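Student: Provided below are the primary sequence and the corresponding predicted coordinates.
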Amino acid sequence: MQAQVYKSESRGKADYGWLKANYSFSFANYYNPERIHFGALRVLNDDVIAPSGGFDTHPHDNMEIITIPLSGRLAHKDSMGHTSYIEKGEIQVMSAGKGIFHSEFNGSDIEALNLFQIWLFPKVRNVEPRYQQIALKTLEKKNELYQILSPDKDDEGVWIYQDAWFHMGQFDSAWQGNYQTKKDGNGIYLMVIEGEVNVAEQQLTKRDAIAISDASEIKIEALANTQFLIMDIPMNY
């Protein structure tokens with residue numbers, strides 16, 4: 001097993017006034033040659049967007065883009081004709097494929113919006129762009145990991161063009177469990193959303209992360225009431 005801990009405060013940071021960003025990997029004006037990507041995981045941005053602030057229309061191609069609001073709601077519009085709000089308790093995915101344009105704004109003029117935006121390299125390029133958005137309430141299980149993303153369109157959660165699986169969980173203090181990778185050779189990137197956990201004998205607190213490779217299973221222990229996201233990621237990128 002190889003494990004690397006990334007403390008919350010070590011992330012790249014930017015303050016644009018309307019946007020306060022925390023970058024797990026090199027992005028925009030933040031560049032760290034030791035943090036370019038983790039396998040197919042290219043971007044994990046922890047953004048706080050001010051009321052009515054947002055990103056004007058801009059292009060993407062050949063990227064799987066996943067958005068998970070943690071508080072507030074996101075207003076989305078794209079060149080595929082989708083206009084929607086994505087709120088806490090939901091997940092959105094866009095397969096940019098051969099090219100899309102979209103805009104993203106805080107859907108409130110009163111409350112700040114906090115979200116994770118995650119980009120993965122796809123395993124196939126230049127597909128027809130697609131959009132999917134679902135509520136997670138029907139998937140949530142207290143003190144159990146629940147799947148929110150996979151490569152299988154008939155499986156639980158959203159699906160993408162990549163052999164990746166995402167799980168989330170909300171756990172009471174003292175919970176213990178194991179996570180097994182879904183595909184041989186995949187790595188694990190775990191981000192603590194809230195609380196405190198012990199993973200691979202490493203203690204992590206809010207917004208700390210751990211990147212694990214060469215391991216098919218990890219043990220996790222909740223040291224406080226906690227919530228975390230597990231990303232099961234192909235490493236041959």
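Tutor: Sure, I can see it.
Student: distance of residue 86 from residue 233?
Tutor: 23 Å (CB to CB, to the nearest Å). The C-beta positions use only the backbone N, C-alpha and C, and glycine is treated the same way.
Student: okay, the two: which has more neighbours?
Tutor: residue 233 (26 against 23; other CB atoms under 10 Å).
Student: hey, what's the most centrally placed residue in the chain bridged with?
Tutor: Centroid-nearest residue in the chain, with CA atoms, centre = their mean: residue 118, separated by 4.3 Å. Assessed by DSSP bridges, residue 118 has beta-bridge partners residue 44, residue 66.
Student: what's the distance between stretch 184-201 and the middle of its chain?
Tutor: Taking CA atoms, centre = their mean, to the nearest Å, one finds stretch 184-201 lying 13 Å from the centre of the chain it belongs to.
Student: ugh, typo on my part, it should be stretch 191-202
Tutor: With CA atoms, centre = their mean, you get 16 Å for stretch 191-202.
Student: again, but for stretch 15-33
Tutor: 15 Å.
Student: And stretch 43-59, by the same measure?
Tutor: Relative to the centre of its chain, stretch 43-59 is centred 14 Å away, using CA atoms, centre = their mean.
Student: now do the same end-to-end measure for that stretch.
Tutor: 16 Å (CA to CA, to the nearest Å).
Student: Kindly report the same for stretch 151-168.
Tutor: 16 Å.
Student: Go through that stretch and flag the buried ones.
Tutor: In terms of neighbour count (16 or more other CB atoms under 10 Å), stretch 151-168 has its buried residues at 151, 156-168.
Student: Now for those: which two are most distant?
Tutor: The most widely separated members of those are 161 and 168, with 21.0 Å between them, by CB to CB.
Student: Quick check: closest non-adjacent residue to residue 161.
Tutor: Nearest residue to residue 161, sequence neighbours excluded (CB to CB, 6 or more residues apart in numbering): residue 122, at 4.3 Å.
Student: residues near the one you found, how many?
Tutor: 19.
Student: now do the one 3 residues further on
Tutor: Applying other CB under 10 Å, we find 12 other residues in the vicinity of residue 125.
Student: so who does it touch?
Tutor: Contact partners of residue 125, counting by CB atoms under 8 Å, 6 or more residues apart in numbering, are 62, 97.
Student: And for residue 167?
Tutor: 145-148, 179, 229-230, 232.
Student: What pLDDT is listed against it?
Tutor: Predicted confidence (pLDDT) for residue 167: 98.
Student: how long is stretch 25-33 end to end?
Tutor: End to end - CA to CA - stretch 25-33 spans 9 Å.
Student: Buried residues in that stretch, which are they?
Tutor: For stretch 25-33, by 16+ other CB under 10 Å, it's 25-27, 30.
Student: and what of stretch 66-80?
Tutor: 66-70, 72-76, 78.
Student: Which pair of these spans the longest distance?
Tutor: 70 and 78 (21.6 Å).
Student: Please parse this protein into its domains.
Tutor: 9-135, 146-233 (automatic domain parsing).
Student: Would you mind saying which of the ones you listed lies nearest residue 2?
Tutor: domain 146-233 (4.9 Å).
Student: Next, the distance between the ends of that closest one.
Tutor: Using CA to CA, the distance between the terminal residues of domain 146-233 is 16 Å.
Student: One more: stretch 155-165?
Tutor: Span of stretch 155-165 from end to end, CA to CA: 11 Å.
Student: Contacts for it, please.
Tutor: 40-41, 64, 66, 91-93, 95, 97, 120-124, 127, 132-134, 136, 139, 146-153, 166, 182-183, 186, 231-234.
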